[in-house]
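Enquirer: build me a structure from this.
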Amino acid sequence: MLKPLADRVLIEAAPAEEKTASGIIIPDTAKEKPLQGKVIAVGPGKVDEPMTLQVGDSVLYGQYSGTEIKLDGNTYLIMRESDVYGVL
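Expert: Predicted structure coming up:
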């Protein structure tokens, strides 16, 4: 597993919605990027800024936050802790 450096976190995005509230199936091309996920790994933080997120936290983040990476066949996002809006 990847170990993030400094103030970075590794997040597994929640799956995109498959259907609308009324039951209409959303095609892959129209699915919106999820804005929440689960923290998989956390870096050690910076000397003057300790990390507040922990592995297992469910978080909200910006639509264009982070960089998508693939590990062991899974897709994750890696981003700075400051790109995370909050913990659910």
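
Enquirer: when you work out contacts or count neighbours from here on, use the C-alpha atoms and nothing else.
Expert: Will do.

Enquirer: I figured Lys46 hits Ala6, correct?
Expert: Yes: Lys46 lies in contact with Ala6 (C-alpha atoms under 8 Å); the separation is 5.5 Å.

Enquirer: who's more crowded, those two?
Expert: Ala6 (17 against 12; other C-alpha atoms under 10 Å).

Enquirer: and that one, which of the three is it?
Expert: Here Ala6 is recorded as coil under DSSP: H, G, I helix; E, B strand; the rest coil.

Enquirer: what stretches of the chain score poorly on pLDDT?
Expert: Applying pLDDT under 70 to the chain flags the ranges 16-21, 26-34.

Enquirer: now the strands for it?
Expert: Secondary structure of the chain (DSSP state E): strands at 8-13, 36-42, 58-61, 67-71, 74-80, 84-87.

Enquirer: who's in contact with the spatially closest residue to Leu5 that is not a sequence neighbour?
Expert: Excluding the flanking residues, the one nearest Leu5 by C-alpha to C-alpha, 6 or more residues apart in numbering is Gly43, at 4.8 Å. If a contact means C-alpha atoms under 8 Å, 6 or more residues apart in numbering, then Gly43 has 3-9, 51 as its contacts.

Enquirer: could you redo the last one with a cut-off of 10 Å?
Expert: 2-10, 50-51, 53-54, 80-81 (C-alpha atoms under 10 Å, 6 or more residues apart in numbering).

Enquirer: quick one, which of the residues you listed are buried?
Expert: 4, 6-10, 51, 53, 80-81 (16 or more other C-alpha atoms under 10 Å).
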